[in-house]
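[1] pasting the sequence and the predicted coordinates here, then a few questions.
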Amino acid sequence: QVQLVESGGGLVQAGGSLRLSCTASGRTFSTYTMGWFRQAPGKVREFVAGMSASGVIAYDTDDVKGRFAISRDNAKNTVYLQMNSLKAEDTAVYYCAADRTRYSSVSSIWSQYNYWGQGTQVTVSS
């Protein structure tokens, strides 16, 4: 069983930046595709960004791609989400997730991920 622990959320003004971290337990982190999802109140969970074990990166939209950056450090079992130029609409609980079935691709479908963190709140004030 893999445990994922997110950190780095908080309250930030519009235009500011945050870096989320997600650290995984176990020895197989480097073989997993890792994803970041978010869920705002009253909305469905949506894909933000993902990075495969082989280094393939995907973002949900061009807007996210231009402001967010996903990266990973396999030596630290950690995946990051650098978020810049934050907007009020980025406010949500952010979750990291691990997909053990893929090595060279990224799924944007939350149900295809096997392990989830508890989430970290990101609030952007306008």
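    In hand now; what should we look at? Numbers count the residues shown, from 1 in each chain.
[2] contacts and neighbour counts: CA atoms only from here.
    Noted.
[3] list the beta-bridge partners for the nearest residue to residue 73 once chain neighbours are set aside.
    Spatial nearest neighbour of residue 73, excluding adjacent residues (Cα to Cα, 6 or more residues apart in numbering): residue 79 at 6.3 Å. Applying DSSP bridges to residue 79 gives these bridge partners: residue 22, residue 72.
[4] can you give me the strands for the protein?
    With DSSP state E as the criterion, the chain has strands at 4-7, 10-13, 18-24, 33-39, 46-51, 57-59, 68-73, 78-83, 92-99, 115-116, 120-125.
[5] okay if I get these as TSV plus mean neighbour count?
    Formatted as TSV, the strands of the chain follow (neighbours: other Cα atoms under 10 Å):
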stretch	mean neighbour count
strand 4-7	20
strand 10-13	15
strand 18-24	21
strand 33-39	26
strand 46-51	24
strand 57-59	20
strand 68-73	19
strand 78-83	21
strand 92-99	25
strand 115-116	20
strand 120-125	20
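[6] reformat these into TSV and put mean pLDDT and distance to residue 107 next to each item.
    Shown next, in TSV, are the strands of the chain (pLDDT from 0 to 100; distance: least, Cα to Cα, whole Å):
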stretch	mean pLDDT	distance to residue 107
strand 4-7	97	18
strand 10-13	98	27
strand 18-24	98	18
strand 33-39	98	8
strand 46-51	98	8
strand 57-59	96	9
strand 68-73	98	15
strand 78-83	98	16
strand 92-99	98	8
strand 115-116	98	14
strand 120-125	98	21
